[in-house]
Structures are given as structure tokens and as C-alpha cells.
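Enquirer: model the structure of this input:
(one chain, ligands or ions: 1)
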Amino acid sequence: MNALHRDLARLVAEAERQGLARAEQDPYRLRFHLMPPVGWMNDPNGLCRCGDWYHVFYQYGPFDSTGGVKHWGHYRSRDLVQWEQLPPLLYPDQTWDLHGVYSGSALVEDGVMYLYYTGNVKHPGDFDYVTEGRGHNTALAVCRDGVTAQSNELLLENRDYPAGLTCHVRDPKVFAYDGAYYMVQGARTLENRGELLVFESRDKRHWTHINTITTPDAFGYMWECPDLFELNGQWVAVCSPQGVEHGRDTFQNVYSCGYFPLDGDFRSAYTLGAYREMDTGFDFYAPQTFLDGERRLLIGWMGMPDAPYENLTVAYGWQHAMTVPCRCDWQNGRMLRYPAAELQTLRRGPVEAGDAAVFDLELTDCAKGGLVIRDSAVLEWGQGEMTLSFTGGGAGRTVRHAKVGEVCALRILADTSSLEIFVNHGESVLTTRYYPRPDARGVRLTGKGEVRLWEMGSLTIKR
Ligand code: FRU
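Expert: Alright, predicted model coming up:
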């Protein structure tokens, strides 16, 4: 631990001590989602299960609710419901990560977390910071006690990446497979194409670029936050592409987030199937998955970079949250995503729909219909489409369209200022923040359907 680390740790603790009471007075503070104690949160990082503990790290800007220099904030839990807030595990305290400890992942082996991340460096000068002036370094921190890093080392610099790339190479996702280790990173080429770089290693430290995964025609200029895994026998490449052209019911957000089915071998000859967006709400980006025994869990960032809409929580000194943990499955050529069973332990009731504010709702027998939630969010569906809009409280959010099959089942997780809408057991998902009047209550059904609804309790967070 160096002097800069000690100073930053003290400053973060002080910012949290001063800001937490104010954040907790916010009527829009969430109940069953992980949020930054103070300041800013973006991507989930280093998600893993290590022994009895689930670890959630995240991009954390403790000094500025609109961003700032990134740390790795840290929560852990044994059951995904009772959480413990720990001090950030990574600080921007090395020469290779001075301007932000950017996104990355965890490899768990023998009870040790190997945390791979991107160290962001902005060199002073008159640079565009895309083709020059920026260092995106790949680094490894090793954590043996679940709480602090015992070592931190630089593994790769820009000059170690393949030729033809801009400075933008980041967000290593590392996994063990077939007797070796693999790392995928998101990259932007000099021709402004998004790609995934595949690296291989035998010792977790020395990495060789062995393949590049991309589409035959350019699909956006940068692919952020990649993930690559096998799901019920199908390989899936996840990424968050930037620069894809917007349509009426596709790519409606400033940046997209989705997946390609990958056939063949990701290390050599492969083909990518059609890209599918993972979420058609306003606030979902940069998800990460990890294996928990037999199931693959996913947590996304419930936010959107550079969005034209706002979050009213900034008035209370904090912004953004994680989605609930979801289980992923592959079925009929697509990835399904559905809340982890643990969430149901927070259900209270059932209660009357007219009293609802923070709830878990199930609707069946509902092929065509609509819902109005807390006089604010309007959901309508039928004829192959679902529409989400707001009569108030959208804070700049307008309308989102989702192509859906016949709607047989809806599940909605509604927190004080968020909605996660799961259509047909997770075939389509719409995630959004919203800001209804704090006293507004009730879910009104404007079509047919059988509603069951439970009030949701809160996560416990020990600090
Ligand atoms: C995605 C992202 C990542 C980067 C991180 C920085 O939201 O831009 O590519 O590592 O956020 O906070």
C-alpha cells in the first residue's frame, strides 16, 4: 500500500461519512438495489463467488455524483440479500492507473481473487485521447483476504496490443477454459470499428493475442465491456457497442448492449450469429456475468453513459445503481434473463395493487393490455410490440419500443425509482429509472390479466 493509496482511502472514507446521511434522505434512494454510498456508480466489475462470498465491485466515483476518477467500490454478500460495504479495493494509485481504475473482472482460483482491470492514463497535452494521449493498461491485482489487494502489477500496455488499434482497448474479462486462461478485451480500431480481442495465457500473467472477434461489416466504433461464456451449450459474446445507428425500435439508446451467439471456436475459426439487444429500456449497460455453481448470474449497470435524460438523485449527492442479479439461460436461440430466486425472500404480502409503490408483480393471462404504475410509467402491449412511456417523472425519458412475442407472462420489479420489466420469463427485458411523485401509489391495469403483487422489503447493508 503506497502513500497515495492511504491518502485516497482516508478521503473516500471522509466523503462517505459526510455524504451518506444526505443520500439516505433521498425519497428516491432504492430499497433492493446496490447503490454507491455517495457519489457515482457505473459498471459492475469483478463479479464472482469466492468461497462463501459473492463479491460485487463497481466503478465508483466517491467525490462526484456526475463521475470523477474511478475506484473499485466493493460490496460482498453470502446470500445476495444481506450485504456488507467494504472499503474500495482498487484506488487510482499506480503510475498505470492514475486517471481511473477502469472496468475488469475476477478469476477465482483456490480461494484467491485475481482482479484484472484497465488502468486509465491521460497524458497531459493537446491530444484527441482516442488515437493518442491515452494509456489503456491491463493490470492484475491479487486479493487473498477478500478485502484488500496484496499485489498490483502492470501486465500489458498499448504497445503490446495488436497493430491497427486506437488507444481504446479495455475492460478485460478473464476465464479459465480447456486447461488455459483466456481474456477478452473491447477495442476500437483506427478505422473506427468495434472488436473483441482474445488473449491466451498459461500462467495468468503473460498474455498472447490469439484471435480477434468482430462482424464482417463494421458494427459501431467501439465495443465496451465484453463477456464470453458458454450457456447451456451455446457460446455467447456479450458487448456494449458504441456508434450503432439508431432506429425506431432498435438501438434507441445512445449506446447499445447485447450479444452475438458464437459458433465454432472463439480461439480460431468462428461465426457470429445475429446481434440481439439485451434490454430495451432506458438504463441498462455494461453487464457482467459469473458462474455460481451451475447457474450463470448477471448484474448490469442500471444507467446509460452520455444519456440525454437525467437522474434526480444528483440533488442528494449520488447517482446510478446496479440491476438486481439475474439468472441467464439459453433457450430457443436466445438468452433469457430472470431475477435470481433469492429476490423472492424480500416479498411481503401479497398486497393490493392499489397500495403498491415498491413491489414485485406477476401478471398472467395478459396477451394484450397495459399498466400504469404510480401515475407515471405507462406500459402497453399487443401486436408484437411493448411500449414504455411516461406521463410524468421520466426526467427526460420519452418512449421505448420493444419487439415482443405474444405476452403470456410479465414480471415487474419496481423500486422507489426503477423498473425492471421481464416479458415472458425473461425473453425481453426493459430496465429504466423513473421518478414518480414520492407519494404516488398503485398499479392500474388497463387491459385484461391476473395480477399478483408483493411489497418488497429492503436489502440490509452493513457499513
Ligand atoms: C463503460 C466504461 C468502460 C470503462 C468504464 C470507465 O461504461 O466506459 O468501458 O472501463 O466505463 O468507468
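Enquirer: what strand or helix carries residue 226?
Expert: Per DSSP states H and E, residue 226 falls inside strand 222-231.
Enquirer: could you point out which element follows that strand?
Expert: For strand 222-231, the succeeding helix or strand toward the C-terminus, using DSSP H and E, is strand 234-242.
Enquirer: run the chain-centre distance for that following strand.
Expert: Strand 234-242 has its C-alpha centroid displaced from the chain centroid by 13 Å (Cα atoms, centre = their mean, to the nearest Å).
Enquirer: and residue 312, its phi and psi?
Expert: When read as degrees, to the nearest 10, the backbone of residue 312 gives phi -70, psi -10.
Enquirer: any idea how far it is from the ligand?
Expert: Residue 312 is 21 Å from the ligand, where distance means Cβ to the nearest ligand atom, to the nearest Å. Just so you know, the C-beta spots here come from the backbone N, C-alpha and C atoms, and that holds for glycine as well.
Enquirer: surely that residue and residue 395 touch.
Expert: Yes. The pair residue 312 / residue 395 is scored as a contact, 5.7 Å apart, by Cβ atoms under 8 Å.
Enquirer: the residue nearest the centre of the chain: helix or strand, and which one exactly?
Expert: Central residue of the chain (Cα atoms, centre = their mean): residue 300, 2.3 Å from the mean position. Secondary structure assignment for residue 300, by DSSP H and E: strand 295-302.
Enquirer: do the next helix or strand after that strand and the ligand meet at all?
Expert: Next helix or strand after strand 295-302 toward the C-terminus (DSSP H and E): strand 318-319. No. Residues of strand 318-319 are not located near the ligand by Cβ under 6 Å from any ligand atom, the shortest gap being 13.0 Å.
Enquirer: so what's whichever residue of the stretch 201-350 of the chain sits closest to the ligand up against?
Expert: For the stretch 201-350 of the chain, the nearest residue to the ligand under the criterion Cβ to the nearest ligand atom is residue 224, separated by 3.8 Å. For residue 224, the residues meeting the contact criterion (Cβ atoms under 8 Å, 6 or more residues apart in numbering) are 103, 170-171, 186, 239-242, 255, 286.
Enquirer: just the residues you listed that are near the ligand?
Expert: Answer for the contacts of residue 224 near the ligand (Cβ under 6 Å from any ligand atom): 103, 170-171, 286.
Enquirer: let me have those residues in JSON lines, extended by pLDDT and distance to residue 307.
Expert: Shown next, in JSON lines, are those (pLDDT from 0 to 100; distance: Cβ to Cβ, whole Å):
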{"residue": "103", "pLDDT": "99", "distance to residue 307": "18"}
{"residue": "170", "pLDDT": "98", "distance to residue 307": "20"}
{"residue": "171", "pLDDT": "99", "distance to residue 307": "19"}
{"residue": "286", "pLDDT": "98", "distance to residue 307": "13"}
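Enquirer: out of those, what pair is the most spread apart?
Expert: Spanning the widest gap among those are 170 and 286, at 11.1 Å by Cβ to Cβ.
Enquirer: with neighbour numbers in mind, choose between the two.
Expert: residue 286 (27 against 24; other Cβ atoms under 10 Å).
Enquirer: which SSE is residue 7 in?
Expert: Applying DSSP H and E as the criterion places residue 7 in helix 3-24.
Enquirer: which elements pack onto that helix?
Expert: With contacts defined as 3 or more Cβ pairs under 8 Å, 6 or more residues apart in numbering; DSSP states H and E, the packing partners of helix 3-24 are strand 82-90.
Enquirer: one more time with 10 Å, if that's ok
Expert: For helix 3-24, the packing partners by 3 or more Cβ pairs under 10 Å, 6 or more residues apart in numbering; DSSP states H and E come out as strand 39-50, strand 71-77, strand 82-90, strand 318-319.
Enquirer: go through those and name the closest to residue 429.
Expert: strand 39-50 (16.0 Å).
Enquirer: tilt between the closest one and strand 234-242?
Expert: Interaxial angle, strand 39-50 versus strand 234-242 (axes from the mean of the first three to the mean of the last three Cα atoms, to 10 degrees): 170 degrees.
Enquirer: does any bit of strand 39-50 sit next to the ligand?
Expert: Yes. Strand 39-50 reaches the ligand (Cβ under 6 Å from any ligand atom) through 42-43.
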